[in-house]
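[1] Give me a 3D structure for the following:
(chains A and B)
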Amino acid sequence: MSNRSIAAGALIALAVAGLAPVQALAQSTIKVDGSSTVFPITEAVAEEFQKANRGVRVTVGISGTGGGFKKFCRGETDLSNASRPILKSEIDDCAKAGVQYIEIPVAFDALTVAVNPKNTWVSAITIAELKKMWEPAAKGTVMKWKDVKAGWPDQPLKLYGAGADSGTFDYFTEAVTGKAKASRSDFTASEDDNVLVTGIENDRNALGFIPYAYFQPHAAKMKALAIDEGKGKGAVSPSEKTVVDGTYSPLSRPLFVYINVKALDRAEVRNFLDFYLKSQALIKEVKYVALPDQAYAIARERIAKKTVGTAFGGHPEVGLPILELLKREPKV
Amino acid sequence: MAATDTVSTDRTPPSRGFGATERIQRARRAEAAFVGLGIVVTSVGAVTLMALLGGLLSDGWARLTPEFFGNFPSRRATQAGILAAWVGSLLVVLVCAFVAVPVGVAAGVYLEEYARRNWITDVIEINVNNLAGVPSIVYGLLALGVLVYGLGLGQSVATAGLTLALLILPIVIVATRESVRAVPYSIREAAYGVGATKWQVTSHHVLPYASPGISTGVIIGLSRALGETAPLVMIGALSFIAFLPTPPVRDSFPYISFQWLLDPFTVMPIQMFNWVSRPDPAFQANAAAAGLVLLVMTLAMNGFAIWFRIRMRSKIKW
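    This is a model prediction of the structure:
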């Protein structure tokens, strides 16, 4: 018996000794979390980075832009993926926890409004019509296509969109109804964009909004609508060209990565960001639109100078041209 | 089973006058109807499993290459593999078993053999039975609050193992109690009769005889843990992991390392979940292949449980 207890004691001692140097080792993991829209980009970068730098670990989580900022502002993650700029409440959370951050735009996404290919009555839509469909007042009243515009069929209007935890939802509602998160609640909401894709593909009366990266692989089974901002410039279809030249407005949006300034003390984080900002080819491969080279130069400068803060002041903005975005100085 | 029952009732009973034959015939028809219904109902389960297996096989078979087991996840569907996922699943189930088995078996034995019948025991009993029915995502919430933040374990193998251990604890306890209860009382009386203490009776006789039942319950519980997703998504395990946890052996003192317990992880069902939600349809084949592997792992565990029980039972003579 006493032999056994000695063995047990030794085992526990070993366990404690084994756990002791945890802190030193845990440092080499770069933790990223946040938006599912930005995930494919950061994942591709992380994959290639880890192939080039053996021994450095990168984890990329998916908990939505809002969920990601919650963790980021508690100091749990090093980088946060975001499909919209940081909001006022999140800025406050970060300030409370003493987390300072650097904001860098990494790519553009075209939020795509898609319908079923059997939908013959619409190929372009104005923001005003979208507003009529999606605004909170539409709940229970705008139930058929003909309720939106005279001449459209007397068919039920089936709406599909991102869930309320996602930055995609925040951006779309801001762009369409004029207020972030202000939307009717009686639509099929899912954080999983494939649920929306399937819904639109199988329902003749469906209309939904999804990131372009989800639309593109299914382009044969869906129809992307051209968007008319209503400023006399006519309707524009989403494509890499219209996003870069700023005409696909207001539904093209910048995607961001936020960096905890403290994490920059670690060489592997600096290397990872350096790698990230040279990954235009990867961004194209995962169906997003890379920013102009100038943008990545500015991002590198922000990191080198540790320019903290956001260029947006905590208020969501839509339809921002790329150059405008770059000219802005971040403020705390 | 049903077929042999009909054969045994097929003997014609002695006629008891007019009307009796008719009643007997009606009873026979009812019998036949029930057998038919039984066959249909039983085959629903089997057919569903077959259809599922067939669907997964046709979608995922082509992806089941050695590289699939040896590659990390990737943005390219054809290069993506389940290495991080199956290693993670294995480690998580290991931690889970390491915690749930001793605690669950001890609790079950205590409740059955030692605990006095009073209201505290009743409350514990009701609690355990209710816990077995709590939705798994609730365990995820508990783990998020207590393990991830309270104890600061983060999104680690240890957190996942402990969460799943909590989840299957009621299963292990109930299985232990049932098996312990099934041991004939005469065996205990014989042992007491020759002067054994309660602990000797339990450890020398009751536990060995109950072990086939206990281990079946444990393995069924573990195979459930293997397929569980919701509580792990809750603790934030949904992520891209392209590395393995730290190996448990080191080349310097103290030679073993428990760092892997605190490493981030991914498991099979979460890897599947991730692939299913990707834009590129090619990933659906990967998800099917991973599902196939997971299904085979679960079926193998259940098969092992059955084999183990039969083997152990045949050794017990009472």
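[2] Which of the residues in the helix or strand hosting residue B:180 are classified as buried?
    Assigned by DSSP states H and E, residue B:180 falls within helix B:157-182. For helix B:157-182, burial by neighbour count (16 or more other CB atoms under 10 Å in any protein chain shown) applies to B:157-177, B:179-180. For the C-beta atoms, the positions are set from N, CA and C on the backbone; glycine is no exception.
[3] Which phi and psi values does the nearest residue to residue B:243 once chain neighbours are set aside adopt?
    Nearest non-adjacent residue to residue B:243, counting by CB to CB, 6 or more residues apart in numbering or on different chains: residue A:57, 4.8 Å away. The phi/psi pair for residue A:57 (degrees, to the nearest 10) reads phi -110, psi 130.
[4] Repeat that for the one 3 residues further on.
    For residue A:60, the backbone dihedrals are phi -120, psi 110 (criterion: degrees, to the nearest 10).
[5] what's the closest non-adjacent residue to it?
    That would be residue B:240: by CB to CB, 6+ apart, it lies 4.0 Å from residue A:60.
[6] did I read that right, that neighbour in a strand?
    Yes - judged by DSSP: H, G, I helix; E, B strand; the rest coil, residue B:240 forms part of a strand.
[7] Pretty sure it sits against residue A:46.
    Yes - using CB atoms under 8 Å, residue B:240 is in contact with residue A:46, at 6.2 Å.
[8] shared neighbours of the two, anything?
    Counting by CB atoms under 8 Å, 6 or more residues apart in numbering or on different chains, the shared contacts of residue B:240 and residue A:46 are A:58, A:60.
[9] Residues of the stretch 151-300 of chain B that sit close to chain A?
    B:154-155, B:236, B:238-243, B:246, B:253-254, B:256-259, B:261-262, B:264, B:274, B:276-281 (CB under 8 Å from any CB of the partner chain).
[10] Show me just the buried residues among those.
    B:154-155, B:236, B:238-243, B:246, B:254, B:257-259, B:261-262, B:264, B:274, B:276-280.
[11] Give me the subset of those residues lying in strands.
    Among these, the members found in strands (DSSP state E) are B:239, B:240, B:241.
[12] Is residue A:33 in a helix, a strand, or coil?
    strand.
[13] Repeat that for residue A:122.
    Secondary structure, three-state DSSP: residue A:122 is coil.
[14] ok, now how distant is it from residue A:318?
    As judged by CB to CB, to the nearest Å, residue A:122 and residue A:318 stand 22 Å apart.
[15] Kindly report the same for residue B:59.
    Between residue B:59 and residue A:318 the computed distance is 40 Å (CB to CB).
[16] Between those two, which has more neighbouring residues?
    residue A:318 (20 against 17; other CB atoms under 10 Å in any protein chain shown).
[17] Do I have it right that the more buried one meets residue A:253?
    Yes - at 7.3 Å, residue A:318 counts as touching residue A:253 under the criterion of CB under 8 Å.
[18] who touches both of these two?
    Here residue A:318 and residue A:253 share the contacting residues residue A:171, scored by CB under 8 Å, 6+ apart.
[19] tally of neighbours for residue 150?
    I'll assume chain A. Residue A:150 has 6 neighbours, counted by other CB under 10 Å.
[20] Actually, chain B is the one I wanted.
    11.
[21] Disregarding residues adjacent in the polypeptide, which is nearest to residue B:100?
    Nearest residue to residue B:100, sequence neighbours excluded (CB to CB, 6+ apart): residue B:165, at 4.0 Å.
[22] List the contacts of the one you found.
    Contact partners of residue B:165, counting by CB under 8 Å, 6+ apart, are B:95, B:96, B:97, B:99, B:100, B:103, B:225.
[23] how about 10 Å then?
    B:92-93, B:95-101, B:103-104, B:139, B:172, B:221-222, B:225 (CB atoms under 10 Å, 6 or more residues apart in numbering or on different chains).
[24] Which pLDDT value goes with it?
    According to the prediction, residue B:165 has pLDDT 94.
[25] what about dumping the CA coordinates of the helix or strand hosting residue B:128 to CSV?
    Secondary structure assignment for residue B:128, by DSSP H and E: helix B:119-131. Coordinates of each C-alpha in helix B:119-131 appear next as CSV, following Å, rounded to 0.1, in the frame of the first residue of the first chain:
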residue,chain,number,x,y,z
TRP,B,119,-33.8,12.9,2.0
ILE,B,120,-30.3,14.0,1.1
THR,B,121,-29.8,10.8,-0.8
ASP,B,122,-33.1,11.2,-2.5
VAL,B,123,-32.2,14.8,-3.5
ILE,B,124,-28.9,13.6,-4.9
GLU,B,125,-30.6,10.8,-6.8
ILE,B,126,-33.2,13.1,-8.3
ASN,B,127,-30.5,15.4,-9.3
VAL,B,128,-28.4,12.8,-11.0
ASN,B,129,-31.4,11.5,-12.9
ASN,B,130,-32.3,15.0,-14.0
LEU,B,131,-28.8,15.8,-15.0
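[26] State the number of residues packed around the closest residue to residue A:86 other than its chain neighbours.
    Excluding its sequence neighbours, the residue lying closest to residue A:86 (CB to CB, 6+ apart) is residue A:310, at 5.2 Å. The local packing of residue A:310 (other CB under 10 Å) involves 23 other residues.
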